[in-house]
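Enquirer: what follows is a predicted protein model with its sequence.
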Amino acid sequence: MQPDSPYYFVFLAYAGVIGAAIGSFINVCVARLPAGSSVIRPRSHCPECGCFIAWYDNVPVLSFLALRGTCRHCGTRISWQYPLIELAVIGIWVGLAVLYGPSWRSLTGSILFSILLAIALIDARHYLIPDQLSIGGLAAGLALSLLPGPVTPLQSVTGAAAGFGVLLAVGVLGERIFKKPAMGGGDMKMMAMVGAFLGPVGAMLTIFLGALAGSIIFGPISLKTQKLVPFGVFLAIGAAITFLVGDSLTRWYVDLLFPGA
């Protein structure tokens, strides 16, 4: 769909509305999944006074602005995290709609990036990757591989196995060397999910880029403070880069190793 099409901006608006709704749901996931709570019940409520939030006070971004960032019932301040996450997911869905148009790749990327954002936010805070996101994302990736796109069902299955297997091997080897757990099970399941979306080559590139980003960004902090690396955050960065430019990076690397091949 070209920008001069009369339906172009309708398409982008539709993508934005879906992104806003998913962003609102991600807020629920970030708040509830680390505590082991249901994301369905009870319905949205103020954590201070416990009053349920009416639908017209739960419209992504707009309700926050209309209420000036406070609860209608008790006046408690509402964190800016909520509209910022909603805006971020709107940006994801609209941005990929601009890049890929009304295509299955746009839909697949938007779903993957939304899951990656939720995982990164939770892992950064709690050093936790909920199974609801990784296993649920794995199922979504396998299902989406049935649609027309660069990743076939076979590549999706082998990608999931490769992503999980490589991190499992790293974890086992690291534990033998360092005599302590070296890789969390959540990271392994997350990479199974990523592999289902990106295939085996994409899974390997994600692990490489995630390890590189983690070493550069968080490595010095970890050495100084002895804090564990929230590896899921950097795997999410690696997966996003792989989805966007992974083919170009792979071609560049192959040409570097085998010039003129």
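Expert: That came through, no problem.

Enquirer: so where is the stretch 151-261 of the chain shaky, pLDDT-wise?
Expert: 182, 222-223, 226, 260-261 (pLDDT under 70).

Enquirer: neighbours of residue 25, how many?
Expert: 16 (other C-beta atoms under 10 Å). For the C-beta atoms, the positions are set from N, CA and C on the backbone; glycine is no exception.

Enquirer: so which strand or helix has it?
Expert: helix 8-32 (DSSP states H and E).

Enquirer: likewise residue 142?
Expert: Assigned by DSSP H and E, residue 142 falls in helix 131-144.

Enquirer: which residues are contacting that helix?
Expert: 29, 33, 39, 104, 107-108, 111-112, 115, 118-119, 122, 153, 156-157, 160, 186, 189-190, 192-197 (C-beta atoms under 8 Å, 6 or more residues apart in numbering).

Enquirer: out of the residues you listed, which end up buried?
Expert: Listed as buried from those are 29, 33, 107-108, 111-112, 115, 118-119, 122, 156-157, 160, 186, 189-190, 192-197; burial here means 16 or more other C-beta atoms under 10 Å.

Enquirer: tell me which entries of the residues you listed lie within strands.
Expert: Nothing among the buried ones among the contacts of helix 131-144 maps onto strands, per DSSP state E.

Enquirer: ok so, going back, and the helix holding residue 142, how far out from the chain's middle?
Expert: 11 Å (C-alpha atoms, centre = their mean, to the nearest Å).

Enquirer: just the buried residues of that helix, please?
Expert: 133, 134, 137, 138, 140, 141, 142, 144.

Enquirer: okay, the angle between it and helix 8-32?
Expert: Interaxial angle of helix 131-144 relative to helix 8-32 (axes from the mean of the first three to the mean of the last three C-alpha atoms, to 10 degrees): 150 degrees.

Enquirer: and helix 131-144, what's its mean pLDDT?
Expert: Averaged across helix 131-144, the pLDDT comes to 97.

Enquirer: then stretch 39-57?
Expert: The model assigns stretch 39-57 a mean pLDDT of 86.
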